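**Student:** Turn this into a structure:
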Amino acid sequence: MGITTISSREFNQHASEAKKAANDGPVFITDRGRPAHVLLSIEEYRKLTGTGKSLADALAQQGDDGDFDYEFPKLEIHFKPVDFS
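**Tutor:** Coordinates of the predicted model:
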């Protein structure tokens, strides 16, 4: 996994090359010499954010990680008496 650093100007002129480089690792995009943005492949982004599965996939409970326990919190409802006067 390599890290690539390019300027904003280079990114604007060579966006396709930056996207290719993002497949090998993060691409840091600088603005006036300072890191301003990071370009990641979608796979790396999903690893970082934990969004590899959709909610439907998670609830389908397939495979080894399909069995999970969840304890629902107790619902407490308090009723107030109604005054009909």
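**Student:** Quick one: the strands in this structure, in order.
**Tutor:** Here the chain has its strands, by DSSP state E, at 4-7, 27-31, 34-39.
**Student:** could you dump these to TSV with mean pLDDT and mean neighbour count?
**Tutor:** No exception for glycine: its C-beta is placed from N, CA and C like everyone else's. As requested, the strands of the chain are exported to TSV (pLDDT from 0 to 100; neighbours: other CB atoms under 10 Å):
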stretch	mean pLDDT	mean neighbour count
strand 4-7	94	16
strand 27-31	94	17
strand 34-39	94	12
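**Student:** got TSV for those, with distance to residue 78 too?
**Tutor:** TSV is the format used below for those (distance: least, CB to CB, whole Å):
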stretch	distance to residue 78
strand 4-7	59
strand 27-31	54
strand 34-39	49
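**Student:** Residue 47: which of those is closest?
**Tutor:** strand 34-39 (13.7 Å; CB to CB).
**Student:** so what strands line up beside the closest one?
**Tutor:** strand 27-31 (antiparallel) (DSSP bridges).
**Student:** quick one: contacts of the strand it pairs with?
**Tutor:** For strand 27-31, contacts defined as CB atoms under 8 Å, 6 or more residues apart in numbering pick out 3-8, 11, 18, 21, 35-40.
**Student:** For burial, what's the neighbour tally of residue 11?
**Tutor:** Under the neighbour criterion other CB atoms under 10 Å, residue 11 is assigned a count of 19.
**Student:** let's have the chain start at 24 instead
**Tutor:** New numbering, starting at 24: the last item is residue 34.
**Student:** what's it in contact with, if anything?
**Tutor:** Neighbouring residues of residue 34 by CB under 8 Å, 6+ apart: 41, 52, 62.
**Student:** what's the distance between it and residue 44?
**Tutor:** 10 Å (CB to CB, to the nearest Å).
**Student:** Give me the common contacts of the two.
**Tutor:** Residues within reach of residue 34 and of residue 44 at once, by CB under 8 Å, 6+ apart, are residue 62.
**Student:** Quick one: residues contacting the spatially closest residue to residue 25 that is not a sequence neighbour.
**Tutor:** Of all residues not flanking residue 25 in the chain, residue 48 sits nearest, at 4.6 Å (CB to CB, 6 or more residues apart in numbering). For residue 48, the contact set (CB under 8 Å, 6+ apart) comprises 24, 25, 26, 27.
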